[in-house]
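Colleague: How does the following fold in three dimensions:
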Amino acid sequence: LRGSKSFTAALAGEAERNGHGGLAYKSVSVGHLEAAPLSPSRLSLGRASSTATSTAAPEQGRPRDYLVLAIFSCFCPVWPINIVALVFSIMSRNSGQQGDMDGARRLGRMARLLSIVSIVLGTIIIVLYISLSVRGNISF
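Modeller: Next up, the predicted model:
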């Protein structure tokens, strides 16, 4: 006797989709197992439920946009640089939401760089202003 290469397995939610209220079993052969869809356009055609397919995997690879750092840099007195940093940060967030991860990373790095430059230059300007005003060279 030769063994069969098919089996019966219980699938979650299969009974509701088939219209059967009883047992949810489906018989398939080994070579025809259902695989998860590879593209988002085939996602709705798959047999998996929407709660099982919507995971946080796309959120893990999402690049940072450094929006908080850019907003913090706007308090420094180097306004042209920190405004541009804020614009790059917002552009990075928009690119990430549209799915352009490389563009979002590039714009995020530029926003981080401009924010750091703005904070460093702003700190230098504030320290120079305070030190010169303490000496008496600059009056309020």
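Colleague: burial measure for the nearest residue to Met101 once chain neighbours are set aside, as a count.
Modeller: Excluding the flanking residues, the one nearest Met101 by C-beta to C-beta, 6 or more residues apart in numbering is Pro63, at 6.0 Å. Where C-beta positions appear, they are placed from N, C-alpha and C, glycine not excepted. By the criterion of other C-beta atoms under 10 Å, Pro63 has 19 neighbours.
Colleague: again, but for Asp102
Modeller: Using other C-beta under 10 Å, Asp102 is surrounded by 9 other residues.
Colleague: element containing it?
Modeller: helix 101-135 (DSSP states H and E).
Colleague: Regarding the residue nearest to Met101, what is its secondary structure?
Modeller: coil (DSSP: H, G, I helix; E, B strand; the rest coil).
Colleague: Now it: phi and psi?
Modeller: Main-chain dihedrals, Pro63, degrees, to the nearest 10: phi -70, psi 160.
Colleague: counting contacts, what elements does the helix holding Asp102 pack onto?
Modeller: Applying 3 or more C-beta pairs under 8 Å, 6 or more residues apart in numbering; DSSP states H and E, one finds that helix 101-135 contacts helix 67-73, helix 79-98.
Colleague: what's in contact with the last one?
Modeller: Around helix 79-98, the neighbours that count as contacts under C-beta atoms under 8 Å, 6 or more residues apart in numbering are 62-63, 65-67, 69-71, 73-74, 76, 101, 103-105, 107-108, 110-111, 114-115, 117-118, 121-122.
Colleague: Now that helix - C-alpha only, CSV.
Modeller: Extracted in CSV, the C-alpha atoms of helix 79-98 (Å, rounded to 0.1, in the frame of the first residue of the first chain):
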residue,chain,number,x,y,z
TRP,A,79,16.6,80.8,11.9
PRO,A,80,17.4,80.1,8.3
ILE,A,81,19.1,76.9,9.2
ASN,A,82,16.6,75.5,11.6
ILE,A,83,13.6,76.4,9.4
VAL,A,84,15.2,74.4,6.6
ALA,A,85,15.8,71.5,9.1
LEU,A,86,12.1,71.6,10.0
VAL,A,87,11.1,71.5,6.3
PHE,A,88,13.4,68.6,5.6
SER,A,89,12.0,66.8,8.7
ILE,A,90,8.4,67.2,7.4
MET,A,91,9.5,66.1,3.9
SER,A,92,11.1,63.0,5.5
ARG,A,93,7.9,62.2,7.3
ASN,A,94,5.8,62.6,4.1
SER,A,95,8.2,60.4,2.1
GLY,A,96,8.0,57.7,4.7
GLN,A,97,4.2,57.7,4.7
GLN,A,98,4.3,57.4,0.9
